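Colleague: Here is my input, please return the structure:
(one chain, ligands or ions: 1)
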Amino acid sequence: MENLEFLSEYYTLLKEKKEEGKKVIAFISHDNIPEELIDAAGFIPLRLIFAGNDELMDASHDFLPPSTCSFAQSCIGAFSIKPDNLKVLDLIDYIIISNHCVSDICASEIISKYYDIPQLKFYVSYTKTENSLKYFKLELNDLREKLEELKGSVIETQDLMNSIVKYNNFKKKISDLSKLAIPGAQKLKHFQRALLIGPYYLPELESFLQTQEETQINEKSKPIFLTGCSIFINDYLNDLIEGGGGNIVFFDTWVGFNYYSQIFDGDSINSSIDPIDLLVERFKKNIFGDHSVPNFLETKISQIEEFYKNYKNTSGKKVGVINHIIKFCDHMSIMSSHLKKQLQEKGIQVLNLERDYSRANKGQLSTRIEAFLEMM
Ligand code: SF4
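Modeller: Numbers count the residues shown, from 1 in each chain. Predicted structure coming up:
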């Protein structure tokens, strides 16, 4: 399992920042939360991405039934247990309530109410019509005003633009990392830390990019395209995949591609567009997220097919697809059989891997993954 020492280092860093007067704003929403606005206000965005074991999952059952998605359960459980390595949760000043999905709203509301964390609301349209974009802009401006109230002064437009540039450059580095031919475990470790720690993680990321050598993948490993739900900090799923002889070559999840692909090109950043409009434009172009984007299934299938063909052309190897479905995640489970059927018709092998975080299922999961890799 992963060494979680970095969590206590991050705790120390956040504590120092809080002593300087910064506030910590947490959220469990998957994407579309404008962390640049939070940063421009002088605050620190904190993604809740801790899930992967029974303890956190089971500790939520005083609040929600076990038929809630295991990730949302774990988010609540993290506040309920507050394990030593998650002391960072004690530093949260506000939590954003957003509507990525029903489980997300319920878990955020419960955390706010029962763990006494004041909330900021930020709702995201489920469609991409002209009116939805106007609505998204209203929400952005509303969040900006709330942050300004907390800050006690306005968020200057130039400060917001600076934050957009800062996060944009950070995502470009994460994108550089994604292209390296290194074991999936290493990429995942940096993706998770980058999403948790944000641009404070840039020096470590850059140092890794400069020093690592691209020779560490076992040639015999089977390449895997991971889609569906993310793998969170301290989850064992990647260990099972690598232990079975696989290697994730592409993380098509929001801890991965969905995050680092949302980059502005230089022209839009250098133009005189209002930075709030830039954020609206990014929302409009976010076609790979699972927040009820029109034609999600078709887009996903084309994306996977294109990756499959390119990978085969350049490496001569066929990629297998693991569609990771956290139990009771409607967003991912609802289309899983269509995704599998349509990809299989194109000759692409798919494993729909539905699971929760219980240790008892580990053996069974491992067997399914090994059988899939064997079949590949
Ligand atoms: S894993 Fe799925 S159900 Fe759970 S919070 Fe995320 S999108 Fe919602």
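Colleague: Could you report the pLDDT at the residue in the stretch 151-300 of the chain that the ligand sits nearest to?
Modeller: With C-beta to the nearest ligand atom, the shortest gap between the stretch 151-300 of the chain and the ligand falls at Cys229, namely 5.0 Å. C-beta coordinates here come from the backbone N, C-alpha and C atoms, glycine included. Reading off the confidence values, Cys229 has pLDDT 95.
Colleague: and it, how many neighbours?
Modeller: By other C-beta atoms under 10 Å, 28 other residues sit near Cys229.
Colleague: Phi first, then psi, for it.
Modeller: phi -80, psi 150 (degrees, to the nearest 10).
Colleague: cool, Ile248 as well?
Modeller: phi -80, psi 120.
Colleague: now it, which residues is it bridged with?
Modeller: Taking DSSP bridges as the rule, Ile248 bridges to Ile224.
Colleague: hmm, back to that, what sits against the residue of the stretch 151-300 of the chain closest to the ligand?
Modeller: Remark: with contacts taken as C-beta atoms under 8 Å, 6 or more residues apart in numbering, Cys229 is in contact with Phe71, Thr253, His324, Ile325, Ile326, Cys329, Met332.
Colleague: before we move on, what about Ile287?
Modeller: When contacts are counted by C-beta under 8 Å, 6+ apart, Ile287 is found next to Val293, Asn295, Thr299.
Colleague: In ChimeraX, select just the buried ones from those.
Modeller: The ChimeraX selection below is limited to those of the contacts of Ile287 classed as buried (16 or more other C-beta atoms under 10 Å):
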select :293
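Colleague: Can you flag which of the contacts of Ile287 belong to helices?
Modeller: Among these, the members falling in helices are Thr299 (criterion: DSSP state H).
Colleague: low-confidence ranges in the protein?
Modeller: Low-confidence segments of the chain (pLDDT under 70): 1-2, 213-215, 292.
Colleague: What segments of it are strands?
Modeller: Taking DSSP state E, the strands of the chain run over residues 24-27, 44-47, 94-97, 119-121, 222-228, 246-252, 320-326, 350-355.
Colleague: Turn those into CSV, columns for mean neighbour count.
Modeller: Formatted as CSV, the strands of the chain follow (neighbours: other C-beta atoms under 10 Å):
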stretch, mean neighbour count
strand 24-27, 23
strand 44-47, 23
strand 94-97, 22
strand 119-121, 15
strand 222-228, 24
strand 246-252, 23
strand 320-326, 23
strand 350-355, 19
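Colleague: Just confirm Leu150 contacts Tyr94, I think it does.
Modeller: Yes: between Leu150 and Tyr94 there is a contact under C-beta atoms under 8 Å: 7.5 Å.
Colleague: Now list whatever residues contact both of the two.
Modeller: With C-beta under 8 Å, 6+ apart, Leu150 and Tyr94 have common neighbours Lys23.
Colleague: got the residues of the stretch 251-376 of the chain near the ligand?
Modeller: With C-beta under 6 Å from any ligand atom as the criterion, the stretch 251-376 of the chain comes near the ligand at residues Ile326, Cys329, Asp330, His331.
Colleague: show me what contacts the first one?
Modeller: This points to Ile326. Contact analysis of Ile326 by C-beta under 8 Å, 6+ apart lists Cys69, Ser70, Phe71, Cys229, Met332, Glu354, Arg355, Asp356.
Colleague: Run a quick neighbour tally on the second one.
Modeller: Right, the one you point to is Ser70. Around Ser70 there are 26 residues (other C-beta under 10 Å).
Colleague: List the contacts of it.
Modeller: Contacts of Ser70 (C-beta under 8 Å, 6+ apart): Ala51, Met57, Ile326, Lys327, Phe328, Arg355, Asp356, Tyr357.
Colleague: for the stretch 51-200 of the chain, what spans make up the helices?
Modeller: 54-58, 70-81, 102-114, 130-151, 157-178, 184-197 (DSSP state H, counting those that start in this stretch).
Colleague: is the last one anywhere near the ligand?
Modeller: No: counting by C-beta under 6 Å from any ligand atom, the ligand has no neighbours in helix 184-197; the shortest distance is 14.0 Å.
Colleague: now do the second one
Modeller: Yes: with C-beta under 6 Å from any ligand atom as the measure, helix 70-81 is seen reaching the ligand through Phe71, Ala72.
Colleague: now that helix against helix 102-114, angle please.
Modeller: 10 degrees (axes from the mean of the first three to the mean of the last three C-alpha atoms, to 10 degrees).
Colleague: any idea how far helix 70-81 is from the chain center?
Modeller: 16 Å (C-alpha atoms, centre = their mean, to the nearest Å).
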